[in-house]
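>>> what's the 3D shape of this:
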Amino acid sequence: MALPIVVLVDDDPAILRVLVRTLRNAAVEVRETGSPSDALAIVQREPVAVLVYDQSMPEMNGSELAARVRSISPATKLVLSTGASPGNACENFRVVDKPWRASEMLAAIAAAIAA
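Numbers count the residues shown, from 1 in each chain. Presented below is the predicted three-dimensional model:
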């Protein structure tokens, strides 16, 4: 059985490294990118279970990314990792406020996969 795919999107390389390290022992396949456009390409070609993304990114904000992911892959669960106000959070499966603890992020991703 294939492991669920989790895509991590944040324009801050340090945050991406922490996210990858947080998920290293989780039963998931991780794809990471600093680019929302790259994340969309991954969602188009792979069955992504969960997208963990930041709200404030220069190329495209998180709300726009979430809307595009929803149109491409409605089954993909969205976990917003943000230090900014999420605005309309109803499109997200979970919102995890920065700074988050590893246990919080793991719980949000596990819940999204199980849903």
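
>>> quick one, helices of the chain?
Using DSSP state H, the helices of the chain run over 13-23, 36-45, 62-72, 102-114.

>>> what residue ranges in the chain score low on pLDDT?
The model of the chain has pLDDT under 70 over residues 84-92.

>>> Quick check: closest non-adjacent residue to the residue most central in space within the chain.
By Cα atoms, centre = their mean, the chain has its centre lying nearest to residue 52, at 1.0 Å. Spatial nearest neighbour of residue 52, excluding adjacent residues (Cβ to Cβ, 6 or more residues apart in numbering): residue 79 at 4.5 Å. Where C-beta positions appear, they are placed from N, C-alpha and C, glycine not excepted.

>>> what about that neighbour, distance to residue 47?
From residue 79 across to residue 47, the span is 17 Å (Cβ to Cβ, to the nearest Å).

>>> quick one: which of these two has more around it?
Per other Cβ atoms under 10 Å, whichever of residue 79 and residue 47 has more neighbours is residue 79, with 20 against 11.

>>> The more buried one and residue 11: what is the separation?
16 Å.

>>> Repeat that for residue 58.
6 Å.

>>> who's more crowded, those two?
Taking other Cβ under 10 Å, residue 58 and residue 11 do not tie; residue 11 has more neighbours (16 against 9).
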